[in-house]
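Student: no sequence on this one, just coordinates:
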């Protein structure tokens, strides 16, 4: 005895539509990544330091700083120096290090200036350098 029923299965059209859209999306993403790998710009780290705010504390001033990396590559072991002047002469130098600043990211830190009130114009920031991670 044989079974004469038709066992063919037909997929709904909506499955074909979503399958093709998914395939196009994956192919487009793969093409974009391949293009970026071959021809995309890769600017080195471009670091800039600014004073975010000053806070008075019991023993001096807390200088809150922001280090921004505008480049396409990350930077490691970033050295930042603050030179504090008082009356036109250098009163003190401070340094902090950031272990890692990702590409197109910011990091925050602070200098503690003991024993004196400091204004933003009294502090000069300078990025010393970085290493490739």
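Tutor: Okay, I see it. For clarity, every value in this text was computed on a predicted model and none was experimentally measured.
Student: residue 82 contacts residue 123, correct?
Tutor: Yes - shown here, residue 82 and residue 123 form a contact pair, counting by Cβ atoms under 8 Å, at 5.4 Å. Backbone N, C-alpha and C define where each C-beta goes, glycine included.
Student: between those two, who's got more neighbours?
Tutor: Neighbour count, other Cβ atoms under 10 Å: between residue 82 and residue 123, residue 82 has more, with 22 against 19.
Student: so residue 24 belongs to a helix, correct?
Tutor: Yes - counting by DSSP: H, G, I helix; E, B strand; the rest coil, residue 24 is part of a helix.
Student: and the gap between it and residue 36?
Tutor: 19 Å (Cβ to Cβ, to the nearest Å).
Student: now residue 50
Tutor: 30 Å.
Student: could you do residue 93 as well?
Tutor: 41 Å.
Student: bridged to residue 98, which residues?
Tutor: Bridge pairing for residue 98 (DSSP bridges) gives the partners residue 78.
Student: that one: neighbour count?
Tutor: For residue 98, the count of nearby residues is 21 (other Cβ under 10 Å).
Student: how about the contacts made by it?
Tutor: Taking Cβ atoms under 8 Å, 6 or more residues apart in numbering as the criterion, residue 98 is in contact with 67, 77-78, 80, 107, 109.
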